[in-house]
Each structure stands twice: as structure tokens, then as C-alpha cells.
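Undergrad: quick check, what structure comes out for this input:
(one chain, ligands or ions: 1)
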Amino acid sequence: MEIRIDRESTIPLYMQIYSGIRDMIISGKMPAGYRLPPERKLAEQLGVNRSTVINAYRELKSCGLIESHVGRGTVAAIYSTGDGAGRAAGGRTEHMAGIGAGRAAGEMAGLPWDSTGTAQHDASMIHPMPWDQLFSESSLRMQDTTVRDLLKLSGRKDMILFAAGVSVQDIDSLDDLQKIQAEVIKEHGHNAIKHVPSDGFYPLRESISKLTGSRGINASAQDIMVLSGSQQGLYLAACAFIDPGDVVFVEEPTFFSAIHIFRAQGARIIGIPSDRDGMRTDLLAALLRRFRPKLIYTIPDFQNPSGAVMSIERRQELLSLAYRNQTIILEDDAYGMLRYEGDSLPSLKAMDVHGNVLYFSTFSKLLFPGFRVGWISGPQRVLHRLTILKQMVDLHTSSLPQMIIDRFMKEGLLEEHLEKLIKENRKRRDVMLEELDAAGLEGTAWNKPEGGLYLWCRLPDWMQPSALLSRSVSNGVSFVPGSVFYPGNAPANHIRLNFTYPTPPEIREGVKRLAAAYREARKEQKKYSVGDHAELGPIL
Ligand code: PMP
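TA: Here you go, the predicted model:
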């Protein structure tokens, strides 16, 4: 929306804004139904006080040129341009689909139709769709494009991806998969391509029940619901439990998609400081009293991105606090089965005696991420509600991938696969650690995770992750900047490196590229900074 204002003019600013908008409505540039920006936003855009815009909108309202509606904000009102078209067509804000609907709108607008159903209209009457004005508030709460941009890079052939989030992909021959698929189709016939129940293919739920037993969880097939990836489960749980304004606690840092999901639902997200033993439960009691969160989201094993494992004492403390405060715990166990050394700790769900924990896990990190199969285990009344929600989202998870994964498990192939996977993931972790040690990244430190997929690196304060990322991408290697893992202001000096997706030779080459980018960024920063030994001026 372009409004010119003249600060030298004797006409008050609010009248200038009023006239600008009025002219756009009268000329048809701003069709009826056009959503005007909120007062604060327009005031910022024009560099005026909010009260100036409020006064302008008040004038426009009193002339009947604009209207305010709860939930829709302020819109241009129906205004007759003389031929009735603006009133009838422009005034419609409902969305009508298909030719029939288009025809209805055209007829209402008095537009002639040709034999193909296409309206013959005066093009000057039609204005571009104001898409940005039409997006819902919850969709606009999701602004971060870092991950989308990084995913786009994954298509570049020359790019070594330390930004990925999956295990080794190339250890299995596709022959096993082909064989299993043929067997599944032979056994199930057309049922393999028909619908399955929304809570999942029952034999797979039984197999998952056995698998979760290996994490110490006692859940029957009825206590398990299949999801189209565990991220879908987080979304369904957020829809089921979060009303706008509800508080959610997360570890800080945490999985960025969880942050986006909770935020889109209108949650107030509070990051709980974490260290190498996981979430700081010593801070929780006071915070729980103060904020009364509905949910606590945690990744106790091989946390994404930090690789931390929550200690047994903190697991106990977290559960007892949740029981006392009737707080739901969302336990995300995407990585728990990927342990390369040391002893496993029981999952929160395995320790949960009062049923506060909803447990999420996924085949994405174990088997075929593109199949999109994950699961949740929790009280049946919760699963029932989530099933109703899932029916609205995708009816059910695709049948064939569920059947294939089930068969994979029944034939003992998952166990064999996991053995190979863990060995290869561990090997790649060690290659990356070795290369980083040799790379001489002055001032940078990283962890040695006992499992999972990531190294969490702390850069020195003088190194900006964004500067390093742009140089790295030009050099052909990508990583995820740490800031995306924080719900609020982030300490800007971490990066996440995945060591499992690239092959060992790619890891070696990738670390070389990263180190070159590091040196270039360092040189550049030195050029513009005051220098380590320069005298600092007085700080007031
Ligand atoms: N939780 C965590 C902690 C993850 O890191 C991821 C994927 N990166 C997911 C959930 C989502 O996994 P899925 O592919 O099953 O949706």
C-alpha cells in the first residue's frame, strides 16, 4: 500500500493518510474486502504515531469507506464505482471454488460469460490478489526461512551437507526393500493400496509395541498410534492441548520444528537452560509455579541439537515435578536407539508411573526417512483425540510404507540394519571428530556425543555463524546455524554439524571446506574489527 505523506504540508498527517486511502478505495485500486494493515504496522511503515493512523481509520470508518471485523481486522468496505461491479464482485470475501463459483461471482458482478465459462471483463477492474493480506495470523507466526533455505541447498550436487538430519542412507542395498515390497503386495493384494485405520496398520502397531519394549516401555498395540512422521505427532499434540497464550517449556536449545509448531498454535514458549546433563531441572520448580505450563517438551536422549543426555536424577526430578503440577511431558525419543557407546538410560515413558508422558519416536532416523512413519505412545483417551485430529490432516499414514516397515521388523531385518547403521554412524562421527581436531579451528569447541546425529560446536565470540555460513555455502558445505534452535534471543555462537549423512570422504572434504571458510571469515572480521590489541575507548 503506497501512501505519500508530505511533512511540510499544513494538512494534518492523519488527513493525508485518510485521503490517500480514500482515493485508493474510490479509484478501485483497493477493492472491497482488501485488508488494511493493522494500525501499528502502518504507523511503522509511514514513520508516524499510531494515534495518527487511528485517527485516519476513524475518519474512513465514519465515511463508511472501511469496516473493522473481529478476526478479520480492518477491510475496505463495499463501495459503488458506478457500474456496480465493485460492489458485487469486489465485496465478496468468501472463497468460491471451481467454474460454477467463478460464474456466480461473474454473474453477480454483471460480467458477460463466453461459452467456455470464462468471464469477458474489463481487465482494469481486476486487481492482483492481495495474498499477503489474506494469510492467517497463525501462518504468519512462522517466519523463519533458514531451514527451508538450507533444504533447498540439499539439491545442489556440489554441496556437502552437514546441515542434514538423517542417518547414513547408503548402507542397505535396495534389493531387500524390493523383495519385501513384492512380498507385501503378494500377501495383501489390493489391500496394500487401500485405506488403513487412522491410528495405523494394526500389525505394525504390534511390532512397534515390541520395539518400544526395547526402550523399557510397556505399551500394547492399543497404546500406540502410527503417525506420518513424529513431527506430525508434535503438531497433533499441539492442536489437542495448546490454546493461544498457554505456556510451553522447552529445553534451550531445542528442535526448531517443535518451536515453530508450538508458536503457530499461539503458545508462549519458555526456554529452560540446559547443560550436558539435559534440562536444568533445578530451575524448574520455581518456573513451574510462576508460569504454570501445560506442556514440557524434552528430548532426553542425544538431544537435537546439543547431543546432551538427560541424567537419571534429572529424569526422576522432571517426572516428580510434572506429577505434582499435573503437567504433560512430551518426550521426543527420535534418537534414543542410536547409541554408539556407554549405557542406555530408561526413557521417561519407561519410568512414568502416573501416565503424564506422551512418547514420540520415528523410523526416520532408523530406516527410511522418506516413508514418513513415526508413532506416539500414550493414554488411549489421548490417542483417541489425536486420531480424530489426524483424520482431518491426512486420514491415515500411507498403507504400503507401514506394511513394508512391519515386514522389515517381522523378518528381523530392522535389527540387522540397526547393527550396521550404528557401526557406520559411529565411524562417521569419529571421522568428523578427527578431521575437526586436525583443522585448527582456533577458539572453537565441540562435544563428543555418545549417540545421535550431531556435533554442537561453540564458535569464538568474534565469529558470526551467519558470516561463516555464507562463506561455507560458497565453498560447498552447509551446516545449521545455532540461532534457529532457540525460542527467543539466542547466544549467536553455535552451529550444528551432522556427521551421518555425508560419506567419510565427504566429511573429510567438508571439514576442509569449512576450515577454509573459517579462515576467510576470520580474515574478513579482522579487517573490520578494532583488533585484539587495540585500545578500547571509554564505555559509557
Ligand atoms: N524430533 C526430533 C528431535 C527431530 O530431530 C526430528 C527430525 N529432525 C523429528 C522429531 C521429526 O522426525 P520425523 O521425520 O519422524 O517427522
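Undergrad: what stretches of the stretch 151-300 of the chain score poorly on pLDDT?
TA: Confidence mapping of the stretch 151-300 of the chain against pLDDT under 70 gives the ranges 151.
Undergrad: can you rerun that using 80?
TA: In the predicted model of the stretch 151-300 of the chain, residues 151-156, 170-173 satisfy pLDDT under 80.
Undergrad: which bits of it sit near the ligand?
TA: If contact is defined as CB under 6 Å from any ligand atom, the residues of the stretch 151-300 of the chain in contact with the ligand are G165, G229, S230, Q231, F255, I299. C-beta here means a position set from N, CA and C on the backbone, and glycine is covered the same way.
Undergrad: list the contacts of the nearest residue to Q181 once chain neighbours are set aside.
TA: In space, and not counting its chain neighbours, Q181 is closest to I404: 5.8 Å by CB to CB, 6 or more residues apart in numbering. Shown here is I404, whose contacts under the criterion CB atoms under 8 Å, 6 or more residues apart in numbering are L177, I180, Q181, V184, F371.
Undergrad: touching, the second one and R407? I think so.
TA: In this case it means I180. Yes. With contact defined as CB atoms under 8 Å, I180 and R407 form a contacting pair (5.0 Å).
Undergrad: circling back: host element of the residue nearest to Q181?
TA: In the assignment (DSSP states H and E), I404 maps to helix 399-410.
Undergrad: what's the mean pLDDT across the following helix or strand past that helix?
TA: The C-terminal neighbour of helix 399-410 among helices and strands, as given by DSSP H and E, is helix 413-439. Helix 413-439 comes out with an average pLDDT of 96.
Undergrad: who are the packing partners of helix 413-439?
TA: Secondary-structure packing of helix 413-439 (3 or more CB pairs under 8 Å, 6 or more residues apart in numbering; DSSP states H and E): helix 399-410, strand 454-458, helix 504-528.
Undergrad: list the buried ones in the last one?
TA: Neighbour counts using 16 or more other CB atoms under 10 Å place 504, 506-518, 520-522 of helix 504-528 among the buried residues.
Undergrad: nearest to the ligand: which residue in the stretch 201-350 of the chain?
TA: When scored by CB to the nearest ligand atom, the stretch 201-350 of the chain has G229 as its residue closest to the ligand, at 2.8 Å.
Undergrad: look up how far I269 lies from the closest residue to R428 other than its chain neighbours.
TA: Once its chain neighbours are removed from consideration, R428 has its nearest residue in F499; the separation is 4.9 Å (CB to CB, 6+ apart). With distances taken as CB to CB, to the nearest Å, F499 is found 29 Å from I269.
Undergrad: same check on T397?
TA: Remark: distance between T397 and I269 (CB to CB) = 28 Å.
Undergrad: looking at these two, which one has more neighbours?
TA: Just comparing T397 and I269: by other CB atoms under 10 Å the higher neighbour count belongs to T397, 25 against 22.
Undergrad: measure that one to T74 for me?
TA: When CB to CB is the yardstick, T397 and T74 sit 42 Å from each other.
Undergrad: could you do S209 as well?
TA: When distances are taken as CB to CB, S209 and T74 turn out to be 54 Å apart.
Undergrad: do N55 as well
TA: N55 is 14 Å from T74, where distance means CB to CB.
Undergrad: same check on D394?
TA: From D394 to T74 the distance is 36 Å (CB to CB).
Undergrad: more neighbours: these two, which one.
TA: Neighbour comparison, D394 and T74: the larger count goes to T74, with 19 against 13 (by other CB under 10 Å).
Undergrad: three-state assignment of the more buried one?
TA: The local conformation at T74, judged by DSSP: H, G, I helix; E, B strand; the rest coil, is strand.
Undergrad: for it, which non-adjacent residue is spatially closest?
TA: Ranked by CB to CB, 6+ apart and with sequence neighbours excluded, the top spatial neighbour of T74 is L36, at 4.5 Å.
Undergrad: please apply the same query to F408.
TA: When the adjacent residues along the chain are set aside, F408 lies closest to L414, with 5.2 Å between them (CB to CB, 6+ apart).
Undergrad: give the contact list for L366.
TA: Contacts here follow CB under 8 Å, 6+ apart; on that basis L366 touches S167, M337, L338, L414, H417, L418, L421.
Undergrad: check A264 too.
TA: S138, S139, R141, M142, A238.
Undergrad: now secondary structure and neighbour count too, for those residues, in JSON lines please.
TA: Formatted as JSON lines, the entries for those read as follows, by DSSP: H, G, I helix; E, B strand; the rest coil; neighbours: other CB atoms under 10 Å:
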{"residue": "S138", "secondary structure": "helix", "neighbour count": "12"}
{"residue": "S139", "secondary structure": "helix", "neighbour count": "10"}
{"residue": "R141", "secondary structure": "coil", "neighbour count": "13"}
{"residue": "M142", "secondary structure": "coil", "neighbour count": "13"}
{"residue": "A238", "secondary structure": "helix", "neighbour count": "24"}
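Undergrad: the ligand: which of these is nearest?
TA: For the ligand, the nearest member of those is A238. The distance, counting by CB to the nearest ligand atom, is 12.9 Å.
Undergrad: what's the distance between the closest one and I269?
TA: For A238, the distance to I269 under the criterion CB to CB works out to 11 Å.
Undergrad: ditto for W456
TA: W456 is 20 Å from I269, by CB to CB.
Undergrad: one more: M310?
TA: M310 sits 19 Å away from I269, going by CB to CB.
Undergrad: and for M15?
TA: With the distance defined as CB to CB, M15 ends up 42 Å from I269.
Undergrad: try E341
TA: Separation of E341 from I269 (CB to CB): 33 Å.
Undergrad: the lengthiest strand in the chain pairs with which strands, and in what direction?
TA: Ranked by number of residues, the top strand in the chain under DSSP state E is strand 268-275. Strand 268-275 has these partner strands in its sheet, going by DSSP bridges: strand 247-252 (parallel), strand 278-279 (antiparallel).
Undergrad: switch those strands over to a markdown table; also include mean neighbour count and distance to H188.
TA: Converted to a markdown table, the strands paired with strand 268-275 look like this (neighbours: other CB atoms under 10 Å; distance: least, CB to CB, whole Å):
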| stretch | mean neighbour count | distance to H188 |
| --- | --- | --- |
| strand 247-252 | 24 | 40 |
| strand 278-279 | 26 | 42 |
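Undergrad: neighbours of the residue of the stretch 51-200 of the chain at minimum distance from the ligand, how many?
TA: Distance from the ligand to each residue of the stretch 51-200 of the chain (CB to the nearest ligand atom) is smallest for G165, at 3.9 Å. Counted by other CB under 10 Å, the residues lying close to G165 total 23.
Undergrad: do A192 as well
TA: 18.
Undergrad: next, the contact list for it, please.
TA: Shown here is A192, whose contacts under the criterion CB under 8 Å, 6+ apart are V184, I185, S399, L400, M403.
Undergrad: quick check: closest non-adjacent residue to the residue nearest the centre of the chain.
TA: Nearest to the geometric centre of the chain sits S257, at 2.7 Å (CA atoms, centre = their mean). In space, S257 comes closest to Q231 once its chain neighbours are excluded; the distance is 5.5 Å by CB to CB, 6+ apart.
Undergrad: the one you found belongs to a helix, doesn't it?
TA: Yes. Remark: Q231 belongs to a helix, assigned using three-state DSSP.
Undergrad: could you pull up the residues touching it?
TA: Taking CB under 8 Å, 6+ apart as the definition, contacts of Q231 comprise S257, I261, G374.
Undergrad: cool, and S483?
TA: T146, P465, A490, A492, H494.
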